[in-house]
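**Q** following is a predicted model, sequence given first.
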Amino acid sequence: MQLSNSEEQLMQILWKQEKALMKDLIEAYPEPRPATTTVATLLKRMQDKKFVDYIQLGRSREYFALVKKKDYFSKQMNGMIKNFFNDSASQFASFFTKETNLSKEELEDLKKLIDKEIKSK
């Protein structure tokens, strides 16, 4: 299951806050902030998709994520590699390193990460 751009933006806020009331979520948006009804609709859709849930606190609801940020983005990246790069991590890495204008230092940092991962396998 995938999130729309507006749902993903709200999930980013929720991941950052971990638990939040509606007013906290709305205040975390940049101006112009969305209407309460808009955020409520997004939360309901995200709840139906099993991304968020809430606990009732009196008349308020405290929302929290059911999906970890790392898990969501890992799945998104794997899907992107599969769909756009013929399921080839090396094709993705080639595109990423050429098209993102990484500095020599950033490329060296990536190489260190890859070397470290190779040693751990």
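**A** Sure, I can see it. Numbering: from 1, shown residues only.
**Q** give the next helix or strand downstream of the strand or helix carrying Lys75.
**A** Secondary structure here is read from DSSP states H and E; on that basis Lys75 sits in helix 69-84. Per DSSP H and E, the first helix or strand lying C-terminal to helix 69-84 is helix 89-99.
**Q** what sits up against that following helix?
**A** Residues from elsewhere that reach helix 89-99, judged by Cβ atoms under 8 Å, 6 or more residues apart in numbering: 80-81, 84-85, 107, 110. Where C-beta positions appear, they are placed from N, C-alpha and C, glycine not excepted.
**Q** run the chain-centre distance for it.
**A** 21 Å (Cα atoms, centre = their mean, to the nearest Å).
**Q** map the structural domains onto the sequence of this protein.
**A** As assigned by automatic domain parsing, the chain contains the domains 5-65, 69-120.
**Q** which of those is buried the deepest?
**A** The highest average neighbour count among the domains of the chain, using mean count of other Cβ atoms under 10 Å, belongs to domain 5-65 at a mean of 14.
**Q** end-to-end on that one?
**A** Domain 5-65 has an end-to-end distance of 16 Å (Cα to Cα, to the nearest Å).
**Q** tell me if Lys50 really is in a strand.
**A** No - using DSSP: H, G, I helix; E, B strand; the rest coil, the secondary structure at Lys50 is coil, not a strand.
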